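Q: No sequence on hand, only this structure:
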């Protein structure tokens, strides 16, 4: 597994505002206030990650086996196509940082909480973009690349129960992330995804 | 030493534009190398391909051939089980290229990334990275390389490690090139100018960029590097932007188009030019024709007065700079204790706090009697540099601490400080020279601190003569004006200001530790502020200070603007326009206007004005606040408002409710009670928390039970409080089912509370199926439904 204790992803303002449900174009007092929150988020939030390449077998229609673990999902199987390896990556914003979101809410600072929450979500997603980009740079010289898209448990027909499989394979506990019996990850801004190595 | 056309490698760059070669990897892939194969092994097994390709480049006019050793370091070869063959691979491949080049081209010993990141981005230590590169570079030199070509680097600290390794283990010139993404930064976020300054200060003899983008995208990046570079500039674009086809990168820009950018790149400052991915000898031939007769654009004589972080350069002279002084254990027991325990998060907190307050540079001091200062300095740098993204000032009295800090700091740092004493100059000048660091020069000579400005100027002149003889430029120095306590000597400030004035007139940048002047006197902030304004007027470049002292920071922004150092009042406007957005909001005309525009800071005064004019407190609520909130809800429904606007409005309304509650306790009716929770098994709560907050701001009495709450607890609490509404939230299908359990239990217990549900996977149909009284698609819907449900119960 590759360890990334600090991933220098910086979410784009537009992406954060979009996630907050806003139109980034307008400029108002509120936007200036949000920009202040985003500067604060940039200073306070960090994201770490892990990633690794695993052997992949196509074991039947809509079924794949990754590092010996059987997964049933037609959509994932389609994404991985003829790949012989899978790239599993995970990223998490630490709990001591995401706690700031709850603290803002507890003080009644809803707008700040919303902005921090959106920023942290974008940061976690951005970390996976970064891991994929970095992997692609490394793969390029040997003529290979990752699939353009990635897939996560709970999306499409990839049952949420496979979160546990991906959690174990990616060694996500090493990032301080826990998984419960409903397959939910804590801290909340934690993501796991899978892409194919072509 | 090899000469081409009678010139050594570095001489050639002064005289002519040096034509590089083109791609190797894409050629090997086109000629039988299977994806996933070790390219270096393939090259050794198929030397005829390398011979064919490199002869092609020679024929096209290349004066440089790069060895096929890009990934021949222990880390990359280790991926193929070949880590023990680094020496052999590099030597054989360099020899192969040297044979082909003969006396017709220089051989670039090609070095690439290890594929691993250095701490804190990854797990590789700086020293280990240097060792990995030394092993490869020594073998390249032995194999006949004429210079070391470090290419396609994505992380500035890894590139530094490679440059430092090369400078320490061989005598060849070093070229270092980074790859910049389409956003104009490296993958790890470094700007071209910052990368160039950092690599030059690490020792690179030429710097530049290659790969990632095509020639058109590189023109502006070349310009920004040229502005700061004191060495030749290396440029190797791809044959256009890559396009992915069937999983492989394709490059579409033909040689005829590629050549059109050669002149613009050379005019922007390229001194070495060739091609990267997708190019072949036909491209190089086109480039050769284009550079025919072009003269190389010279580079700067010295680096600009600038420090660099992992992301950007900070320049002295382009505005006043604040060096945050707070990472210093003196008088900070918490920091002292954390440094002693090798815990660097306290230092990180101080770093982020200072950054937020406007520091441009962070001063790092880890000297305490109980701490290993060198280890702590390295730990703080590793923790703070990447996360704060600010340049660092290394504050220590120990040369070995300074040297280690400069080695591991991922940018060009400032040394605080070098005194003009002979011993200090002797010990520290070689260190700052080696890492091309900037430094603070203390005008303290062998005879001590001169009392007056005349004495200090004499010390500065004498010290600078020695500094200049070492090849260090004036641009690399900040002279400390030496702030002494005015309580001990009433004329101290005047002498310091005279020293500053002389420095500014003689082209020296300056710095002051401003707070020392007010030592022992009351109202220190007042003296510090006045001192700062007077010093800025004398041309002060930077101050070591606490950026959290807002008044002083406000004053320096004003002083800069008044002394004409803030063009167009840009920084002043930026600081204070923001302040007026937050603190001094424009007046709202009515309570409704204040709610709709989120003017939470002025709403209480508007409410008071209404009450003073005879409106009753409950009428303010019923006729102004509630209608305004309703209007905000309507605007949200019409998609004129979005969730942030709704929250903004609600926060303003809450400020009014709180004011009324405090001033006129009887004004608000008994509030409707809501018990809200995220159900058992579910840990997502931001949506639920926002609903709770909006409900509170709309006048509901909300008890929030948190997340992962069992049905028994929710129902028990609702029963105890005699709640009007139970609000339930769940994010996933696996947890949504738990909402049905809560409803069943509430019905069994005969609770009168209405039940409202929501969450990402919950639909109106699902809500009905489990017997909920209401479904809310979002936070605004939850407020609307809560109103509807409580109106029913009234």
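A: Thanks, I have the structure now. Note that this is a predicted model, so its numbers are computed, not measured.
Q: quick one: contacts for residue A:85?
A: Shown in contact with residue A:85 (Cβ atoms under 8 Å, 6 or more residues apart in numbering or on different chains): A:53, A:54, A:55, A:56, A:196, A:197. Quick note: C-beta positions are derived from backbone N, CA and C, even for glycine.
Q: Once you drop chain neighbours, what's closest to it?
A: Using Cβ to Cβ, 6 or more residues apart in numbering or on different chains and skipping residues adjacent in sequence, the residue nearest residue A:85 is residue A:197, 4.0 Å away.
Q: What backbone torsions are found at the one you found?
A: With angles defined as degrees, to the nearest 10, residue A:197 sits at phi -100, psi 110.
Q: Kindly report the same for residue B:511.
A: Torsion angles, degrees, to the nearest 10, at residue B:511: phi -150, psi 150.
Q: Can you name the residues bridging to it?
A: Following DSSP bridges, residue B:511 is listed with bridge partners residue B:480, residue B:542.
Q: On the three-state scheme, whichever residue of the stretch 401-550 of chain B sits closest to chain A is what?
A: Nearest to chain A, among the residues of the stretch 401-550 of chain B, is residue B:410, at 11.1 Å (Cβ to the nearest Cβ). State at residue B:410, reduced to three classes by DSSP: H, G, I helix; E, B strand; the rest coil: coil.
Q: OK, contacts around it?
A: B:156, B:157, B:160, B:198, B:309, B:310, B:385, B:386.
Q: can you narrow those to ones near chain A?
A: On the criterion Cβ under 8 Å from any Cβ of the partner chain, B:310, B:386 are the entries of the contacts of residue B:410 that sit beside chain A.
Q: Report the buried members of the contacts of residue B:410.
A: B:156, B:157, B:160, B:198, B:309, B:310, B:385, B:386 (16 or more other Cβ atoms under 10 Å in any protein chain shown).
Q: Need those residues in a markdown table (columns: distance to residue B:690).
A: Shown next, in a markdown table, are these (distance: Cβ to Cβ, whole Å):
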| residue | distance to residue B:690 |
| --- | --- |
| B:156 | 40 |
| B:157 | 40 |
| B:160 | 45 |
| B:198 | 43 |
| B:309 | 36 |
| B:310 | 35 |
| B:385 | 36 |
| B:386 | 32 |
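Q: Between the residues you listed, which sits nearest residue A:110?
A: residue B:386 (31.5 Å; Cβ to Cβ).
Q: Off-centre distance for the helix or strand hosting that closest one?
A: For residue B:386, the element it lies in under DSSP states H and E is helix B:373-388. How far helix B:373-388 lies from its chain's middle: 15 Å, per Cα atoms, centre = their mean, to the nearest Å.
Q: pLDDT-wise, which helix or strand of the chain ranks last?
A: You didn't say which chain, so I picked chain A. Ranking every helix and strand in chain A by mean pLDDT, DSSP states H and E puts helix A:29-44 at the bottom, with a mean of 81.
Q: could you do chain B instead?
A: helix B:570-582 (a mean of 63).
Q: before we move on, the earlier item: how about the contacts made by the residue nearest to residue A:85?
A: A:53, A:83, A:84, A:85, A:86, A:87, A:139, A:144, A:145, A:146.
Q: Now do the SS call for the closest residue to chain A within the stretch 251-400 of chain B.
A: Chain A sits closest to residue B:352 of the stretch 251-400 of chain B, with a gap of 4.4 Å, by Cβ to the nearest Cβ. Under three-state DSSP, residue B:352 falls in the helix class.
Q: Just give the closest residue to it, not the sequence neighbours.
A: residue A:43 (4.4 Å).
Q: Could I have the buried ones of the contacts of residue A:85 as ChimeraX selection syntax?
A: Remark: buried members of these, expressed as a ChimeraX selection using 16+ other Cβ under 10 Å:
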select /A:53,54,56,196,197
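Q: how about residue B:133, what does it touch?
A: For residue B:133, the contact set (Cβ under 8 Å, 6+ apart) comprises B:73, B:111, B:161, B:162, B:165, B:166.
Q: circling back: which of the contacts of residue A:85 fall within strands?
A: Of the contacts of residue A:85, the ones assigned to strands by DSSP state E are A:53, A:54, A:55, A:56, A:196, A:197.
Q: which of the residues you listed lies closest to residue A:34?
A: For these, the nearest to residue A:34 is residue A:196 (37.4 Å; Cβ to Cβ).
Q: What residues does the stretch 251-400 of chain B have near chain A?
A: Residues of the stretch 251-400 of chain B lying near chain A (Cβ under 8 Å from any Cβ): B:277, B:310, B:352, B:355, B:356, B:386, B:387, B:388.
Q: now, among these, which is nearest to residue B:707?
A: Closest to residue B:707, out of all of those and judged by Cβ to Cβ, is residue B:352, at 27.7 Å.
Q: where does that closest one land on pLDDT?
A: Looking at residue B:352, its pLDDT is 88.
Q: Which residues are in contact with it?
A: Taking Cβ under 8 Å, 6+ apart, one finds A:43, A:44, B:387, B:388 in contact with residue B:352.
Q: Pick out the most distant pair among those residues.
A: Of all pairs in those, the most separated under Cβ to Cβ is A:44 and B:388 at 11.3 Å.
Q: now the contacts of residue B:133 as a markdown table including distance to residue B:620?
A: Shown next, in a markdown table, are the contacts of residue B:133 (distance: Cβ to Cβ, whole Å):
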| residue | distance to residue B:620 |
| --- | --- |
| B:73 | 73 |
| B:111 | 73 |
| B:161 | 66 |
| B:162 | 69 |
| B:165 | 72 |
| B:166 | 74 |
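Q: Determine which two of those residues are furthest apart.
A: B:73 and B:166 (12.5 Å).
Q: who touches both of the two?
A: B:111, B:133.
Q: ok, these two, which is more surrounded?
A: Higher neighbour count among residue B:73 and residue B:166: residue B:166, with 33 against 27, using other Cβ atoms under 10 Å in any protein chain shown.
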